[in-house]
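Asks: Need coordinates for the following:
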Amino acid sequence: KKHNPYKIVQMFEEEMALYTGAPYAISVDSCTNALFLSCKYLEVKDVTIPSKTYLSVPMSIIQAGGEVIFDTRPEVNHWTGMYQLSPYPIYDSAKRLTSNMYVPGSFMCLSFHIKKKLGIGKGGMILTDDENAVEWFKRARYEGRSEKFYKEDDITSLGWNMYMTPQEAAQGLALMQNYPEHNTDQGELNGYRDLTEF
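Replies: You can find the predicted model right below:
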């Protein structure tokens, strides 16, 4: 039997699915790319997001072929933990990681950036219950490949280089050993800048 270095990545995905209550967790290299792939998969058109969020969110929407509508209302911009990319079932959950957080029928995008609650350096995850999406995400994050050696693979779709490395997954698994069951949402130091200013 061939050695499979991606087994550790799969173990981290299983651990995260179990913790969050999601049927599936697909690891990628950042929350930005988790959002991009979710937008690409759902072929988003007009997407409404808070005007006060991280810069890469609207960029991911635009790169995926969508149009961004910024909601500047104060009540929308006082979000904590996560918010929806309306009207799509995509959530930017970069600031939330707690047990049983999964919203059924959604694509929830997590961040494992060094400054986040589970700071493995860099990494992201898509939580979903959509089995068809799982297969698409797995190939899309890995140049359209399955987990076969690429010279033996059958490439039928385009993909990106967005996979999580086994080193990052191992770090994530190690940190999950002492991760609390219930976790408060993470704040943003000094708040987000209003992106309509750019």
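Asks: got the contact list for stretch 169-184?
Replies: Counting by C-beta atoms under 8 Å, 6 or more residues apart in numbering, the neighbours of stretch 169-184 from elsewhere in the structure are 8-9, 11-13, 15-16, 19, 27, 96-99, 112, 117-121, 123. To be clear about C-beta, it is placed using only N, CA and C from the backbone, and glycine gets the same treatment.
Asks: chain center to it: distance?
Replies: How far stretch 169-184 lies from its chain's middle: 17 Å, per C-alpha atoms, centre = their mean, to the nearest Å.
Asks: list the buried ones in the biggest helix by length in the chain?
Replies: Of all segments of type helix in the chain, defined using DSSP state H, the longest is helix 7-20. Counting neighbours by 16 or more other C-beta atoms under 10 Å, one finds that the buried residues in helix 7-20 are 8-9, 12-13, 15-17, 19-20.
Asks: And for stretch 159-167?
Replies: 159-160, 162-166.
Asks: try stretch 186-198
Replies: By neighbour count with 16+ other C-beta under 10 Å, stretch 186-198 contains the buried residues 186, 192, 195.
Asks: List of residues touching that stretch?
Replies: Under the criterion C-beta under 8 Å, 6+ apart, residues 51-55, 58, 70, 72, 77, 80-81, 95-96, 116-117 lie in contact with stretch 186-198.
Asks: which one of those residues sits closest to residue 145?
Replies: Set against residue 145, the nearest of those by C-beta to C-beta is residue 116 (28.0 Å).
Asks: What's the separation between that closest one and residue 124?
Replies: If you measure residue 116 against residue 124 using C-beta to C-beta, to the nearest Å, the figure is 10 Å.
Asks: the more surrounded of these two?
Replies: Between residue 116 and residue 124, counted using other C-beta atoms under 10 Å, the more crowded position is residue 124 (27 against 18).
Asks: Looks like that one contacts residue 33 (just checking).
Replies: Yes - applying C-beta atoms under 8 Å as the test, residue 124 and residue 33 come out as touching, 6.2 Å apart.
Asks: doesn't residue 47 fall inside a strand?
Replies: Yes - when classified by DSSP: H, G, I helix; E, B strand; the rest coil, residue 47 is found to be part of a strand.
Asks: Looking at the strand or helix carrying residue 62 now, give me its mean pLDDT.
Replies: In this assignment (DSSP states H and E), residue 62 forms part of helix 56-63. If you average the pLDDT over helix 56-63, you get 98.
Asks: ok, residues contacting it?
Replies: Residues outside helix 56-63 that contact it (C-beta under 8 Å, 6+ apart) are 32-33, 35-36, 39, 44, 47, 49, 67-68, 70, 85, 92, 195.
Asks: Are any of the residues you listed buried, and if so which?
Replies: 32-33, 35-36, 39, 44, 47, 49, 68, 70, 85, 92, 195.
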